[in-house]
Every structure is written in C-alpha cells, then in structure tokens.
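Q: Below are the sequence and a predicted model; questions follow.
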Amino acid sequence: MRKIFIADAHLRSPEDANYRTLVRFLEGLPTDTESLYLLGDVFEFWIGNPDPVYSQYREIIDCLRRLRGRGVKIVYFEGNHDFHLDGFFSKQLQAEVYRAGAEVEIGGQKVYLCHGDQINREDYRYRAFRFLFHSPLIKALIPIFSRRLAAQTASTLSRRSSRQHAARRARWDYRVILESFARDRFAAGCQVVITGHYHLPIFKREQGHLFIALGDWITQFSYAQWLDGEFTLERFD
C-alpha cells in the first residue's frame, strides 16, 4: 500500500498553476493509495467550518471527497494558514485532524508528523501570534466573522507572512533548526520525522533514522511517499 505526504500548497485561486497541478496530482493518485497526509498550509487561508465551503476551494474539496469515496484515509495536520479544522474536515471528509504534531505508526515504525511552525522556539513573536489565533476565543468568534472579513484577514496574514519570510531566513538557519529538532525526536524514540512549513526539501538518513522536510507545492511540487516499506521524497512533473 502507498501513503502520500504533502504540505504548503498555499492554494489561492483555481486558476493558479500550483492549484491546477495539485488537482491533477490528486486525481491521478494510484489505486493502491491508502492514506493521504496533509501537513498544513494546503490552503492560503482556511479557518473554521464554512458553510457553504469557500468557493475558491470547492474543486480541491471535491477531489478529496472522491478520494475518500475510494477509501483513501485523509489525515490533516493543521498549519499556520489553516486551523480550527476539526468540524468541517472531520464531518465532511471523515478526516483525522491534529492541531499539533503527533506520533503515528507506519510500517512498524514510529513516525513523528507535524506542520513544523512550532519547531523554531526562538521565534517568540510568531509563537504569540499562533497562541492567539489557535485559542478557543478565536474559535468561538469564527461563526460571527463575515466571509468578507475572513477574506480581508486572509489577505492581511498572507502579506504579513511574505514580508517576514526573508527576514526570518536571514536570521535563522532553518536546516540546522530542523535537523536539531529531528534528532530530538529520534532521541525520544521515533525512527522517522516528517515536517513541512519551511519550504525546504530535505531527505536525510542519520544513524538508522530518517528526516524528511517536504518542501512545497508552489514551485517545487515535492512530496513524500511510503511504498513497500520505504520512504522516498518525490517531485511531481
């Protein structure tokens, strides 16, 4: 059986190239695909349980529904652009939804999965921001938000994230931070660590352990795959 892991598509408009490519990828998943793991920021902005679903994301949701109809298990790890998902994705797609990283068993191995936005513990400003937006208070206020306000919030957060991205890269060595985090998880008993968020594809074996950073689905179109007991990092063309 096959398991697929993707993250960081940051989907906006159905006309965008990465959106069309992801649709094509999902529609073409092999029939032996057992599970699809979405490791956060699949959408540029998704918060709560919209009814009806955000119009720009209807096609992707339809793709996921068809996969679920085929029996593909969907597992969603919330990111920093998509959160408070437990209602919609659990009810509409029977997905497993995780608010934070978690250990799962794959092929007899203990695998740690996460979006990755909490890995850099020195980014105090972001951690405060995340605490606020992931709080029960914001979740309770979501039904009050109009769609227009949600769209404005999404645009603001997107611009904020883009402005700070280069500054963060200049300040921190993400590869060092990620590999250090992976070693901590290995020391805690995990054999494999898979993360997203940093848009940095990494496939590294170290003393019998494996660390995978997924890259992104914006320009790299990279994803991880588990097939016949082996993990690989692939690129979709």
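A: Alright, I've got the coordinates.
Q: Give the residue farthest from the middle of the protein.
A: Computed with CA atoms, centre = their mean, the residue of the chain farthest from its C-alpha average is Gln207, at 26.9 Å.
Q: Please verify my assumption that Val23 contacts Cys63.
A: Yes: contact criterion CB atoms under 8 Å: Val23 and Cys63 qualify, at 5.9 Å. Where C-beta positions appear, they are placed from N, C-alpha and C, glycine not excepted.
Q: can you map out the strands along the chain?
A: If DSSP state E is used as the criterion, the strands of the chain fall at 2-6, 33-38, 46-47, 73-77, 82-83, 96-98, 102-106, 109-114, 192-195, 201-206, 209-214, 222-227, 230-235.
Q: Asn120 and Trp226, how far apart?
A: Noted for Asn120: a distance of 27 Å to Trp226, by CB to CB, to the nearest Å.
Q: Which of these two has more residues huddled nearby?
A: For Asn120 and Trp226, the more surrounded residue by other CB atoms under 10 Å is Trp226, and the numbers stand at 22 against 19.
Q: Tell me who's in contact with the closest residue to the more buried one other than its chain neighbours.
A: Leaving aside its chain neighbours, Trp226 sits nearest to Lys3 (4.1 Å; criterion: CB to CB, 6 or more residues apart in numbering). Residues counted as contacts of Lys3 (CB atoms under 8 Å, 6 or more residues apart in numbering) are Thr33, Glu34, Ser35, Leu36, Tyr37, Ile106, Gln225, Trp226, Leu227.
Q: Make a markdown table from the residues you listed and add distance to Asp8 to it.
A: A markdown table is the format used below for the contacts of Lys3 (distance: CB to CB, whole Å):
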| residue | distance to Asp8 |
| --- | --- |
| Thr33 | 20 |
| Glu34 | 23 |
| Ser35 | 19 |
| Leu36 | 15 |
| Tyr37 | 13 |
| Ile106 | 21 |
| Gln225 | 16 |
| Trp226 | 19 |
| Leu227 | 22 |
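Q: sorry, back to before: separation between the residue nearest to Trp226 and Leu210?
A: Counting by CB to CB, the gap from Lys3 to Leu210 is 14 Å.
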